[in-house]
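Student: Structure for this input, please:
(chains A, B, C and D)
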2 protein chains.
Amino acid sequence: MIALDIAEVAQRSGVPASTLRYYEEKGLIAATGRRGLRRLFDAAVLERLALIALGQTAGFSLDEIAKMFAPDGRPRIDRKLLSAKADDLDRTIRRMTALREGLRHAAACPKPSHMECPTFQRLLRKAATGAIGPADQRSLRSRQTKRRKTR
Amino acid sequence: MIALDIAEVAQRSGVPASTLRYYEEKGLIAATGRRGLRRLFDAAVLERLALIALGQTAGFSLDEIAKMFAPDGRPRIDRKLLSAKADDLDRTIRRMTALREGLRHAAACPKPSHMECPTFQRLLRKAATGAIGPADQRSLRSRQTKRRKTR
DNA sequence: CTGCCACTTCAAGTCAACTTGAGGTCAAGC
DNA sequence: GCTTGACCTCAAGTTGACTTGAAGTGGCAG
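Tutor: Numbering: from 1, shown residues only, chains lettered A, B, ... in the order given. I've put the predicted structure just below:
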């Protein structure tokens, strides 16, 4: 069993040490032991971190992600939840696609003001009716992604 | 010029009154006058709110959105910024599409544990390498969207 | 004229996911 | 054996977009 230092985990995963401690506190990951004060992690934590990042990208909160791991630590993923998220994502993708088209057109539109552009107005009407409004379930979450190259 | 009460704007737009005040404070919208203490809004504010919602969906922060309106209040949208955001959106859409496929597969996958599913493993590897990792520009932002039906 | 109550202001609170800082510890290199 | 400095803990701060609460006001129905 390869024991990794927190700094090593940080470096390999791109996740800052402070975040790793935070995740441990939240129960998302667990140190396998200590050398003195220092946490030691099993290499498997890297896979776990990838899973966490994936969940975040999918729009799950850390709390939701935590619930996806069975008490024994093995991923226990609810297929229903997964489908629901996929559907969620689907709706979001559709909204964003419509929006992207609108933006592209607006950027190319020769009218002096966008308010005079019929395409833009159509987009606006859609936005107003909520068709492409903001996600209705807490679905996406932006992140700083400081992915620091570590040292 | 039709003067709308804040409650009316809230009801028609689905944006809570507290949020409207907040937007006014931020300079995103402006009341056309007052009746006593009470704000009066021109009906045009509804269009403006639609534009704001749209901008938020596109991943703009309120500050960024504020900058899109010229001091005189007419929308003055930077076409370069718009294209850039469209490109951004495009990348995000691609990531999200890959993710959605992965989720769909994981949901349908018959393997007892997802860790044994090759498709899931591929997804995981992609996530680990950052290919479908979280958006790198503060691009998406979830919102409560309490879209309260007002009263 | 009076009272109601929807509006007002302003300060403070909330939420998620972290980061930062102060002060402490201890394994390892010299 | 002693210093070094990377790690530790715990509390508090940060950010963005709002919400909430307390205390005040004034238009209008009765």
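Student: can you tell me which strand in chain A is longest?
Tutor: The longest strand of chain A (DSSP state E) is strand A:38-42.
Student: ok, and does that one reach over to chain B?
Tutor: No. Between strand A:38-42 and chain B, judged by C-beta under 8 Å from any C-beta of the partner chain, nothing touches; the nearest distance is 14.7 Å. Backbone N, C-alpha and C define where each C-beta goes, glycine included.
Student: Report the inter-axis angle for the next helix or strand along the chain from that strand versus strand A:38-42.
Tutor: The element immediately downstream of strand A:38-42 (helix or strand, assigned by DSSP states H and E) is helix A:44-57. Angle of helix A:44-57 versus strand A:38-42, following axes from the mean of the first three to the mean of the last three C-alpha atoms, to 10 degrees, is 80 degrees.
Student: Closest residue of chain A to DNA strand C?
Tutor: A:G36 (2.0 Å; C-beta to the nearest atom of the strand).
Student: That residue: neighbouring residues, count only.
Tutor: For A:G36, the neighbour count with other C-beta atoms under 10 Å in any protein chain shown is 4.
Student: next one: phi and psi at it?
Tutor: Backbone dihedrals for A:G36, given as degrees, to the nearest 10, come out at phi 70, psi -120.
Student: Identify each buried residue in stretch A:86-95, please.
Tutor: A:A86, A:D88, A:L89, A:T92, A:I93, A:R95 (16 or more other C-beta atoms under 10 Å in any protein chain shown).
Student: So which of those residues reach DNA strand C?
Tutor: With C-beta under 7 Å from any atom of the strand as the criterion, the buried residues of stretch A:86-95 include none near DNA strand C.
Student: Could you export those residues as CSV, including distance to B:K111?
Tutor: Listed next are those as CSV, based on distance: C-beta to C-beta, whole Å:
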residue, distance to B:K111
A:A86, 17
A:D88, 23
A:L89, 22
A:T92, 27
A:I93, 26
A:R95, 32
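Student: Please identify which of those is nearest to A:I77.
Tutor: Nearest to A:I77 among the buried residues of stretch A:86-95 is A:A86, at 12.3 Å by C-beta to C-beta.
Student: Point out the other helices and strands that the helix or strand harbouring the closest one packs with.
Tutor: Using DSSP H and E, A:A86 sits in helix A:79-108. In terms of contacts (3 or more C-beta pairs under 8 Å, 6 or more residues apart in numbering or on different chains; DSSP states H and E), helix A:79-108 is packed against helix A:118-129, helix B:44-57, helix B:79-108.
Student: That one versus helix A:44-57: what angle between them?
Tutor: 60 degrees.
Student: What's the mean pLDDT across helix A:79-108?
Tutor: Across helix A:79-108, pLDDT averages out at 83.
Student: The least confident helix or strand in chain A by mean pLDDT versus helix A:79-108: what angle between them?
Tutor: For chain A, counting by mean pLDDT, DSSP states H and E, helix A:118-129 ranks last in confidence among helices and strands (a mean of 74). Here helix A:118-129 runs at an angle of 150 degrees relative to helix A:79-108 (the same axes, to 10 degrees).
Student: which residues touch helix A:118-129?
Tutor: A:98-99, A:102, A:105-106, A:109, A:111, A:114-115, A:132-133, B:13, B:46-47, B:49-51, B:53-54, B:57 (C-beta atoms under 8 Å, 6 or more residues apart in numbering or on different chains).
Student: what do you get if the cut-off is 7 Å, keeping everything else the same?
Tutor: For helix A:118-129, contacts defined as C-beta atoms under 7 Å, 6 or more residues apart in numbering or on different chains pick out A:98, A:102, A:105-106, A:109, A:114, A:132-133, B:47, B:50-51, B:53-54.
Student: want to throw those residues into a markdown table with distance to A:D72 and neighbour count?
Tutor: Output for those, formatted as a markdown table (distance: C-beta to C-beta, whole Å; neighbours: other C-beta atoms under 10 Å in any protein chain shown):
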| residue | distance to A:D72 | neighbour count |
| --- | --- | --- |
| A:A98 | 44 | 17 |
| A:G102 | 48 | 26 |
| A:H105 | 53 | 18 |
| A:A106 | 52 | 22 |
| A:C109 | 57 | 18 |
| A:H114 | 56 | 24 |
| A:I132 | 43 | 22 |
| A:G133 | 41 | 21 |
| B:E47 | 55 | 18 |
| B:A50 | 50 | 20 |
| B:L51 | 50 | 23 |
| B:A53 | 44 | 23 |
| B:L54 | 46 | 23 |
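Student: Fine by me, thanks again.
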